[in-house]
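# Build me a structure from this.
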Amino acid sequence: MSTLQSLLLGALQGLAEFLPISSSGHLLLARRLMGLGEVPVLYDVLLHVASLGVVLVVFRRRIGSVLAAFGRWVARRGAEGDGEDLHLLLYLLLATAVTAAAGFFLDRFEPLLLEQPRLLAVLFLATGLILLATLGFRGERSYAQMGIPAALLVGLAQGIGVLPGISRSGITIAACLACGLQREKAGEFAFLLAVPAILGALLLKLRELGSLEAQVHPLALAAGFLASFALGLASLLLLLRVIRRGRLAFFALYLLPLAVAAFFLL
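Okay, the predicted model is just below:
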């Protein structure tokens with residue numbers, strides 16, 4: 001992999017990780033078009049770490065608030081207003097557990113996409129239809145009103161997002177909206193939920209570090225990482241504005257033609 005290819009893949013990852021268009025699906029499509037073949041999974045994970053940095057920067061205040069509320073709860077010195085943060089933490093933990101179980105099961109289907117690449121087009125189509133469905137969602141619930149069943153459903157949705165072509169952010173935000181969460185909180189919950197998912201993927205793939213060093217030059221890796229962070233920051237800030245305005249379905253106008261193109265290109 002050249003430095004230019006890594007830069008392009010990093011930029012693509014940064015944009016597609018947060019925009020509801022499936023970063024893994026776009027990376028798979030780009031690699032096939034570039035003729036790169038197999039790239040170590042850890043390369044993907046390290047690009048996701050750049051995305052993790054973006055989430056930590058954008059949501060640093062909410063993360064700090066949740067950790068502080070949890071600390072006060074442990075010390076039995078709860079403060080007024082901690083309730084919503086503690087509910088948020090509980091639902092993130094429950095959703096993460098479901099995501100891990102679903103992701104472990106569905107991850108085995110990724111080789112099938114490599115054998116039958118046109119399935120990627122079908123999954124792009126599915127994401128587009130999911131985004132269109134959000135036009136009918138009008139949520140008003142806070143975290144305290146979310147409920148355990150909703151948290152479990154959202155966790156399952158993120159687990160399904162492990163499949164290339166299914167947007168993790170898109171399907172997770174759609175599930176939050178379907179469960180009645182306010183638009184702003186739906187976006188926040190979806191991206192906070194990505195933090196443990198990215199960390200878990202990194203821990204599981206650390207054993208591939210040796211193969212990464214053998215196939216990707218450190219300069220190329222650095223270029224991809226920086227591009228992913230910069231474009232990721234821009235795309236996340238953009239998407240949060242889109243969610244607040246209720247225009248998530250607009251991305252279907254991109255995904256539906258992409259699905260048709262991918263069907264004939266792959």
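# What about Gly246, how many residues nearby?
14 (other CB atoms under 10 Å). Any C-beta I mention is one placed from the backbone N, CA and C, and that applies to glycine too.
# whoops, Leu203 was the one
With other CB under 10 Å as criterion, Leu203 counts 10.
# Which other helices and strands does the one helix or strand it maps to contact?
Using DSSP states H and E, the element containing Leu203 is helix 183-205. Here helix 183-205 touches helix 41-58, helix 60-74, helix 82-106, helix 148-160, helix 168-178, helix 218-244, going by 3 or more CB pairs under 8 Å, 6 or more residues apart in numbering; DSSP states H and E.
# Mind checking those for the one nearest to Leu125?
helix 168-178 (12.6 Å; CB to CB).
# Mind giving me the packing neighbours of that closest one?
helix 118-133, helix 148-160, helix 183-205.
# for the record, mean pLDDT for that helix?
Taken as a whole, helix 168-178 has an average pLDDT of 93.
# Name the residues that touch it?
17-24, 127, 130-131, 133-134, 137, 139, 150, 153-154, 156-158, 160-162, 183, 185-187, 189-191, 193-194, 197, 239, 243, 248, 251 (CB atoms under 8 Å, 6 or more residues apart in numbering).
# 7 Å instead, please
For helix 168-178, contacts defined as CB atoms under 7 Å, 6 or more residues apart in numbering pick out 18, 20, 127, 130-131, 133-134, 137, 139, 153-154, 157-158, 160-161, 183, 186-187, 189-190, 193-194, 243, 248.
# out of the helices and strands packed on helix 168-178, nearest to Leu7?
It is, among the helices and strands packed on helix 168-178 and with distance given as CB to CB, helix 183-205, at 21.0 Å.
# Give me the contacts around the closest one.
With contacts defined as CB under 7 Å, 6+ apart, helix 183-205 is touched by 41-42, 45, 48-49, 51-52, 55, 59, 62, 92, 95-96, 99-100, 139, 142-143, 154, 158, 168-169, 172-173, 176-177, 181, 239-240, 243-244, 246.
# any low-confidence regions in the protein?
1, 36-42, 78, 109-115, 117, 206-216, 266 (pLDDT under 70).
# circling back to that earlier point, can you redo the helices and strands packed on helix 168-178 as a markdown table with distance to Thr3?
Below are these laid out as a markdown table (distance: least, CB to CB, whole Å):
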| stretch | distance to Thr3 |
| --- | --- |
| helix 118-133 | 27 |
| helix 148-160 | 32 |
| helix 183-205 | 22 |
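# Compare those and report which one is nearest to Leu67.
Once those are compared by CB to CB, helix 183-205 is nearest, at 11.7 Å.
# ok, now which ones touch the residue nearest to Phe105 when sequence neighbours are not counted?
Using CB to CB, 6 or more residues apart in numbering and skipping the chain neighbours, the partner closest in space to Phe105 is Gly159 (7.8 Å). Residues near Gly159 by CB under 7 Å, 6+ apart: 98-99, 101-103, 106.
# Who wins on neighbours among those residues?
Thr99 (27 neighbours).
# what comes up buried for the helix holding Leu203?
183, 185-198, 200-201, 205 (16 or more other CB atoms under 10 Å).
# likewise stretch 76-93?
By neighbour count with 16+ other CB under 10 Å, stretch 76-93 contains the buried residues 82, 84-89, 91-92.
# Now tabulate the residues you listed in a markdown table and tack on distance to Ala121.
As requested, these are arranged in a markdown table below (distance: CB to CB, whole Å):
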| residue | distance to Ala121 |
| --- | --- |
| Asp82 | 47 |
| Glu84 | 41 |
| Asp85 | 41 |
| Leu86 | 43 |
| His87 | 39 |
| Leu88 | 36 |
| Leu89 | 38 |
| Tyr91 | 34 |
| Leu92 | 33 |
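# ok, these vs Leu12, which is closest?
Distance to Leu12, by CB to CB, is smallest for Leu92 among these, at 27.8 Å.
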